[in-house]
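Colleague: here you go, sequence then predicted model.
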Amino acid sequence: MTTPLSGTVALVTGASSGICEQTAVALAGLGADVVVAARRTDRLDALVDRISADGGKALAVAADVTDEAQANDAVAAAVDRFGRLDTVVANAGVMLLGPIEGADTTEWRRMIELNTLGALYTAHAALPHLLAVAEQEPRRVADLVITSSVAGRTVRLGSGVYNASKHAVGAFAEALRQEVTQRHVRVSLIEPGAVETELVSHNNPQVQEQMAKRFVEMDRLQADDIARTIAFVVTSPRHMAVNEVLIRPTQQQQ
């Protein structure tokens, strides 16, 4: 049976957990051959086994996309294995919150390098391949999806550099969209609000406690909610580009 992404290839970064683990499963279920990239290879191998057990094709690639050479290699591995690249989901990211005064600036560098430069390096490496397949069957369109955050729109006390990293990604995505949209490469920005993933666990205990209090009575989004949104974006008809999606839990105000 033909499925919406049959005959296409997708690369998903940050795929060892959370949103992009679920996105990889969703895209494989829609017929794409999927390349999953992240640093934690044990989790990637388990994800490939899961996709394969469901009848899909997948390849695990160990990559730290903060290193431009490794981002390039991840794209090259996808093309070498499957012969093309139609969809890229640049999702690798980290959220390290806290005040600017007295901050550990190594956390700043980690966020800028992963959230911003990692997405930029991935997009830069993938773009020639996306432009090529946008003129080819079966879909004659290609997709670059960049995961940002509600933090890319709304600035909050205690998340200044995280906000900065996500605002930068939004500006980049819009500039690139204008550059390539007439060649049928769609650039889409996904901006989730509070999602129940391990992202918060990377923070110090004080920040984790504050976040737990903030969301204690909120039904947070699930990773699959965002994966289904991304699936909708990349299976939209050729003439339709979903440029930006802000998706919050119903109870989230900011």
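Modeller: Looks like it came in fine. Numbers count the residues shown, from 1 in each chain.
Colleague: what residue ranges in the chain score low on pLDDT?
Modeller: 1, 198-201, 203, 208, 211-212 (pLDDT under 70).
Colleague: residues making contact with whichever helix or strand residue 188 is part of?
Modeller: Applying DSSP states H and E as the criterion places residue 188 in strand 185-192. Contacts with strand 185-192, where a contact means CB atoms under 8 Å, 6 or more residues apart in numbering, come from 19, 127, 130-131, 134, 141-150, 152-153, 169-170, 173-174, 176-177, 180-181, 221, 226, 229-230, 233-234, 241-248. Quick note: C-beta positions are derived from backbone N, CA and C, even for glycine.
Colleague: of those, just the buried ones, PyMOL syntax please.
Modeller: This is the PyMOL syntax for the buried subset of the contacts of strand 185-192, where burial follows 16 or more other CB atoms under 10 Å:
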select buried, resi 19+127+130+134+141+142+143+144+145+146+147+148+149+150+152+153+169+170+173+176+177+180+221+226+229+230+233+234+241+242+244+245+248
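Colleague: looking at it, residue 97 is touching residue 160, isn't it?
Modeller: No: counting by CB atoms under 8 Å, residue 97 sits too far from residue 160 to count as a contact (9.1 Å).
Colleague: returning to that earlier point: how far does the strand holding residue 188 sit from its chain's centre?
Modeller: 9 Å (CA atoms, centre = their mean, to the nearest Å).
Colleague: strands paired with that strand, and their directions?
Modeller: With DSSP bridges as the test, strand 185-192 is paired with strand 142-147 (parallel), strand 244-247 (parallel).
Colleague: could I get those as JSON lines with distance to residue 52?
Modeller: Formatted as JSON lines, the strands paired with strand 185-192 follow (distance: least, CB to CB, whole Å):
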{"stretch": "strand 142-147", "distance to residue 52": "23"}
{"stretch": "strand 244-247", "distance to residue 52": "30"}
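Colleague: distance of the residue lying farthest from the centre of the chain relative to residue 109?
Modeller: Distance to the chain centre peaks in the chain at residue 102, reaching 30.4 Å (criterion: CA atoms, centre = their mean). Distance, residue 102 to residue 109, using CB to CB, to the nearest Å: 16 Å.
Colleague: on that earlier part again, phi, psi of the residue farthest from the centre of the chain?
Modeller: phi 70, psi 10 (degrees, to the nearest 10).
Colleague: for residue 112, same thing?
Modeller: Dihedral angles (degrees, to the nearest 10) for residue 112: phi -60, psi -40.
Colleague: ok, the residue lying closest to it once chain neighbours are set aside - contacts?
Modeller: Closest residue to residue 112 in three dimensions, ignoring its sequence neighbours and counting by CB to CB, 6 or more residues apart in numbering: residue 165, at 5.5 Å. By CB under 8 Å, 6+ apart, residue 165 lies in contact with 111, 112, 115, 116.
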